Structure formats: structure tokens, C-alpha cells
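> I'll drop the sequence and a predicted model, then ask my questions.
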There are 4 protein chains.
Amino acid sequence: MLERLREVSATSAFNRWLGFELVSASAGEVEMHLAWRDEFGQYSGFLHAGVVGALLDTACGFAAATLSGANLLASQFSVRCLRPAVAKTFVVRGRVVKPGRQQIFAAADLEALENPGKLLAVCDTLLINLK
Amino acid sequence: MLERLREVSATSAFNRWLGFELVSASAGEVEMHLAWRDEFGQYSGFLHAGVVGALLDTACGFAAATLSGANLLASQFSVRCLRPAVAKTFVVRGRVVKPGRQQIFAAADLEALENPGKLLAVCDTLLINLK
Amino acid sequence: MLERLREVSATSAFNRWLGFELVSASAGEVEMHLAWRDEFGQYSGFLHAGVVGALLDTACGFAAATLSGANLLASQFSVRCLRPAVAKTFVVRGRVVKPGRQQIFAAADLEALENPGKLLAVCDTLLINLK
Amino acid sequence: MLERLREVSATSAFNRWLGFELVSASAGEVEMHLAWRDEFGQYSGFLHAGVVGALLDTACGFAAATLSGANLLASQFSVRCLRPAVAKTFVVRGRVVKPGRQQIFAAADLEALENPGKLLAVCDTLLINLK
């Protein structure tokens, strides 16, 4: 499973640029790590909200992909930025909330590896199974 | 106004990497253009949903910044991916929906410069005025 | 079209309780009016956010139903409460943002009939076409 | 705490109409029960999405109110309808995800008392502390 997702991820140029590591994957769940790089910063030097959203939405998509071999696209995603996103290494966890044939509800959260249990941002994504 | 926003944007490393052009800015409204680059792609070669969200959220933030000199942070943003995001040049328009002292509601949409009037994605962002 | 939607609405007990009037319906668009009643109030006497959401989500569903004979269900809806919702008569307008075979993106807004152009709340809804 | 919230709730005419029971309240958490009534139905006889949203948003507000004596208003709320909402008695649980001085992030979920562990709908709400 982990290998298959890594191969899919490697086909996405933006995922390669982000450079996260897919650490684990099981049925309906994934975990990714991302080391801070200066080019991720917004104007105050925090992780840019766009990168926060990209990581969380990607983790939702991977979590969904563990349950579905089909072609998935995000229909909508919503991000809550709870705290300034600062970390040496970011941990992103995605999980399926409700699988389905037509649509999959997933969620993800972001925290600092060095500060476990303190959520930086959360996201929910609705993916559609293209037919 | 345009100059001031360009200077703020230049302080964000991720905005520099994205490389969009801030085309116009007036009270409560901005427009940005972004030329396609291969490194923006997801696994099917469309614009990555994370980049879609980053552009739209950034446009919301700029639109809000035209009305507020204060320190703004996105509290939440929500993206609807209406169609596969494909373009040679993307047009991103941001606007303030409801200004406020404590919070600012903004929205943005994305289309292809070569296909005007056909929305690719829309976003709403709630920004908070840090005090 | 208007007659057909009124008949569908009459089969919903909660819609009958709300008691809105479906004023107009065309392809992808509807308008509803609702006279204030005291039982709609939250603790400050404004229109309860739950009723705000119910009206907006219902208008999104009707707008989608003008384009689709199929069985539609809301998958997700999101409401921004821009101002305290106070009116003698509320106007709710729903419109389809992007029709589709599997999913329909719709949006709606709320204002006071006696104060046109001043948005009280906005909503987006993603509906799925059950098969 | 439970008494104080019940008194606040009783000042809301729409909450009285809904008729839910506030079962428990502790710091950052509440639980409400609601017996099915026919007037809550949408056109298929399920719990109307508007009532789903009203319950979930209300539970978020109560959860926030356990931590804040101030005047709170929902700025935005978002509802995911995971399954048709059918139950003899609905259980609604609200919790604070991130408290704050200016804004409070809360979330809530809905299930059937007779079918625990099977989520029917989930919601997140961003509340603002009016000053």
C-alpha cells in the first residue's frame, strides 16, 4: 500500500516539490512528514496557508486512495487554521470519515513533530469517485 | 496600493515561488495572473488542488489587505473545485464580501485567461484582524 | 416549474413549518420569501443561525432541482453569517454555480426585503445526484 | 453549568421549538438529545438538513459557551451530511477544538441513540467573541 501511494505521489510534480515523506498507510489512514524549508513561508515566516491546505488536502486524498482503486478528485476542501503553523518537522495525518461508492468524506490534521497533541490546522475534504 | 501589496507579497517565500503577477488592486478587489508551470501539477497533470487553494486564499488575503492596514491571518478557507483546473494562464480574482473590524469575509475565483467566464474553482476565506 | 417545486416542498414537514413562499423559479435559480415569526429567534432575537442555514440550504436544493429531475441530497453545506439576521421579510436567493451529472454546486444568499443589497448571510451547498 | 446553559437556551424561541434536552455540559463539551418529531422531516422523511445544521451549530455554540462568559456569535459553520439522518432519538455532541480570546473553533457530531458510533453528520463552527 505504502509503495503504491508513493508511486502515485511521485507522478505529481507539486508533491515532488513539497517533498513530504509518506511515513505510513493502512486502510483509511495515512501519515506524512514534512521538514520545514524556507520557501514554504508566508510573510511572517509561518507555513503559508496555501501549503497548509495542500498538505492536508493531499493527506485526505491518500487516505481515500487506500480504500479506493478508482480515480478520485477533491470536490471541496475546507481548512481551519487553529494556530500559526511553525515546526521543524510537520506531521500530517489523514483519515477516511465515511467511505462511499460515489463520494468519500475524509479529514486531516497538522501538528509539529516536536510538539505532539497540539493541533495547528485541521481540514475536511469531500472526494468524488470519477466514473 | 498595487506597489504596497507587491512589496508585502515579496516578503513571502512561497508567493515568490508561485510567481504570480499582481495585475490590479483597488479597494476590496485584486486580480492576479499565474502562468502554468509543470511543477504545479497533480497526478493527472491538472493544477494541484493545493495550488488552487493557495492562489485563491492568497487573493482573498490581498483583497482584505486593500481595506485594512492591520495584521491579517486566515482563520478558515474553503475551496470548491468545480472543474479540472487547466490553463496556460490562470486568472485569480479576490474580493471582500463583508469588511469588519474583527473579521473580514472574502471570496475568490479562478478561471483560465484563455477561457473567460468559465469558473474552475471558487473559495471563501474568513480573515481575522490580529490585535 | 414553480408549481412542481411547491409540490415537492409541501412534502417536507419542516418546510411547511418554516412557511416560506417560493416566489420564482427558472432554470438554475429560485427566490423564496419568509416573513419573520418570533419562533425563529435565537437568544438575542435575531434569526437563529440554524434557520439561516435551513433557508439557504433549501434554496440551494431548489435551485439544483430546477435542473435535475433526479433525487438530490445535500452532501455538505457551509454558511457564512455576515451580519445579524434581522428583517420583517427575508429574501433567499439560490442559484446553481456548476451543474453536473454526479454532483451539483449551488449557492444562496439572504437579505432583508426592506434592505436590498445588504447581504446577511451566504451559503454554498454541494448536492449529490443519488443513483 | 448545565443550569446556566439551559437558561440561555430557554431564551431562544427556536431552541424551545426544537425541544432538545441538554443532557450534560462540562468545560468545552456538551451533549444534547432530541426525540424525532414528524415536523422535522424533509421530503424523504429524513431529518431535514436544516435541522441537522441547527442542532450541530447549536451544540458548537453551547460547547463554546462553557468556556466563555462573553457574547458569542457563529461566524461560519459547515455541515457534512454523511448518511441519511434517521433516528428515534438523536444524540448531538459539541466540543471546543481550539479556544481563543477573539475566536473559538468548535465541532459537533450527530448520531442515533439506538445506533452508537455511526456518525450521521459532522459540523465545524467558528464563533467570534463580540466585544
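Arrived safely, thanks for sending.
> which residues sit in contact with the residue nearest to A:S44 when sequence neighbours are not counted?
Once flanking residues are discounted, A:S44 sits nearest to A:P84: 7.4 Å by CB to CB, 6 or more residues apart in numbering or on different chains. For the C-beta atoms, the positions are set from N, CA and C on the backbone; glycine is no exception. The contact partners of A:P84, by CB atoms under 8 Å, 6 or more residues apart in numbering or on different chains, come to A:S44, A:F46, A:L120, B:L73.
> give the buried residues for stretch A:33-44.
Using 16 or more other CB atoms under 10 Å in any protein chain shown as the test for burial, stretch A:33-44 gives A:L34, A:F40, A:G41, A:Q42, A:Y43.
> determine which two of the residues you listed are furthest apart.
A:L34 and A:Y43 (20.1 Å; CB to CB).
> hang on, the earlier thing: just put the contacts of A:P84 in TSV and tack on secondary structure.
Listed next are the contacts of A:P84 as TSV, based on DSSP: H, G, I helix; E, B strand; the rest coil:
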residue	secondary structure
A:S44	coil
A:F46	coil
A:L120	strand
B:L73	strand
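> touching chain B at all, the longest helix along chain A?
Longest helix in chain A by number of residues (criterion: DSSP state H): helix A:49-65. Yes - for helix A:49-65, a contact with chain B is found by CB under 8 Å from any CB of the partner chain, at A:A49, A:G50, A:V51, A:G53, A:A54, A:L55, A:D57, A:T58, A:G61.
> residues contacting the second one?
Contact analysis of A:G50 by CB under 8 Å, 6+ apart lists B:F14, B:L18, B:G50, B:V51, B:G53, B:A54, B:L55, B:D57, B:T58.
> rerun that using 7 Å as the cut-off
By CB atoms under 7 Å, 6 or more residues apart in numbering or on different chains, the residues touching A:G50 are B:F14, B:G50, B:G53, B:A54, B:D57, B:T58.
> hmm, back to that, out of the contacts of A:P84, which are buried?
A:F46, A:L120.
> with pLDDT added, can I get the contacts of A:P84 in JSON lines?
Below are these laid out as JSON lines (pLDDT from 0 to 100):
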{"residue": "A:S44", "pLDDT": "86"}
{"residue": "A:F46", "pLDDT": "93"}
{"residue": "A:L120", "pLDDT": "98"}
{"residue": "B:L73", "pLDDT": "90"}
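> so which of the contacts of A:P84 comes closest to chain C?
The closest of the contacts of A:P84 to chain C turns out to be B:L73 (CB to the nearest CB; 17.2 Å).
> might one say that that closest one is in contact with B:L126?
No - using CB atoms under 7 Å, B:L73 is not in contact with B:L126; the gap is 10.1 Å.
> neighbours of the residue lying closest to A:A85 once chain neighbours are set aside, how many?
Leaving aside its chain neighbours, A:A85 sits nearest to A:L47 (3.7 Å; criterion: CB to CB, 6+ apart). Neighbours of A:L47 under the rule other CB atoms under 10 Å in any protein chain shown: 25.
> specify the beta-bridge partners of A:L47.
A:G41 (DSSP bridges).
> now it: how far from A:V86?
Distance from A:L47 to A:V86, counting by CB to CB, to the nearest Å: 7 Å.
> cool, A:G100 as well?
36 Å.
> same question for A:T66.
29 Å.
> same check, this time on A:F20
Distance, A:F20 to A:V86, by CB to CB: 17 Å.
> residue boundaries of the helices in chain A?
A:2-10, A:13-18, A:49-65.
> just those helices: most buried one?
Mean neighbour count (mean count of other CB atoms under 10 Å in any protein chain shown) peaks for helix A:49-65 among these, with a mean of 29.
> could you check the angle it makes with helix A:2-10?
The directions of helix A:49-65 and helix A:2-10 differ by 140 degrees, with axes from the mean of the first three to the mean of the last three CA atoms, to 10 degrees as the criterion.
> just the CA atoms of helix A:49-65, as PDB, please.
Once non-C-alpha atoms are left out, helix A:49-65 reads as follows in PDB (Å, rounded to 0.1, in the frame of the first residue of the first chain):
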ATOM      1  CA  ALA A  49      -1.900  28.700   4.500                       C
ATOM      2  CA  GLY A  50      -1.700  27.500   0.900                       C
ATOM      3  CA  VAL A  51       0.900  24.900   1.800                       C
ATOM      4  CA  VAL A  52      -1.100  24.000   5.000                       C
ATOM      5  CA  GLY A  53      -4.100  23.400   2.700                       C
ATOM      6  CA  ALA A  54      -2.100  21.500   0.100                       C
ATOM      7  CA  LEU A  55      -0.600  19.100   2.700                       C
ATOM      8  CA  LEU A  56      -4.000  18.500   4.400                       C
ATOM      9  CA  ASP A  57      -5.900  18.000   1.200                       C
ATOM     10  CA  THR A  58      -3.200  15.600  -0.100                       C
ATOM     11  CA  ALA A  59      -3.300  13.600   3.100                       C
ATOM     12  CA  CYS A  60      -7.100  13.300   2.700                       C
ATOM     13  CA  GLY A  61      -6.700  12.100  -0.900                       C
ATOM     14  CA  PHE A  62      -4.200   9.500   0.100                       C
ATOM     15  CA  ALA A  63      -6.400   8.300   3.000                       C
ATOM     16  CA  ALA A  64      -9.200   7.900   0.500                       C
ATOM     17  CA  ALA A  65      -6.900   6.200  -2.100                       C
END
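> on that earlier part again, the more surrounded of A:G100 and A:V86?
Set A:G100 next to A:V86 and count neighbours by other CB under 10 Å: A:G100 wins out with 19 against 15.
> okay, now the nearest residue to A:L56 once chain neighbours are set aside: neighbour count?
Leaving aside its chain neighbours, A:L56 sits nearest to A:C123 (3.4 Å; criterion: CB to CB, 6+ apart). By the other CB under 10 Å criterion, the neighbourhood of A:C123 contains 28 residues.
> make sure A:C123 is actually in contact with A:F77.
Yes - contact criterion CB under 7 Å: A:C123 and A:F77 qualify, at 6.0 Å.
> quick one on the thing from earlier: from the contacts of A:P84, pick the one nearest A:I104.
With CB to CB as the yardstick, the closest approach to A:I104 among the contacts of A:P84 comes from A:L120, at 24.1 Å.
> wait, that closest one sits on A:A108?
No - using CB under 7 Å, A:L120 makes no contact with A:A108, being 11.5 Å away.
> OK, contacts around the nearest residue to A:C81 once chain neighbours are set aside?
What sits nearest to A:C81 in space, not counting adjacent residues and going by CB to CB, 6+ apart, is A:A121, at 5.1 Å. The neighbours of A:A121, taking CB under 7 Å, 6+ apart as the test, are A:V52, A:L56, A:V79, A:R80, A:C81, A:L82, A:A85, A:D109, A:L110.
> which residues of chain A lie near chain B?
Counting by CB under 7 Å from any CB of the partner chain, the residues of chain A close to chain B are A:8, A:11-14, A:17, A:38-43, A:48-51, A:53-54, A:57-58, A:73-81.
> check contacts around A:F40.
Counting by CB under 7 Å, 6+ apart, A:F40 touches A:L47, A:H48, A:V51, B:A13, B:F14.
> can I get those residues in TSV including distance to C:G28 and pLDDT?
Converted to TSV, those look like this (distance: CB to CB, whole Å; pLDDT from 0 to 100):
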residue	distance to C:G28	pLDDT
A:L47	39	96
A:H48	36	95
A:V51	36	96
B:A13	42	95
B:F14	37	96
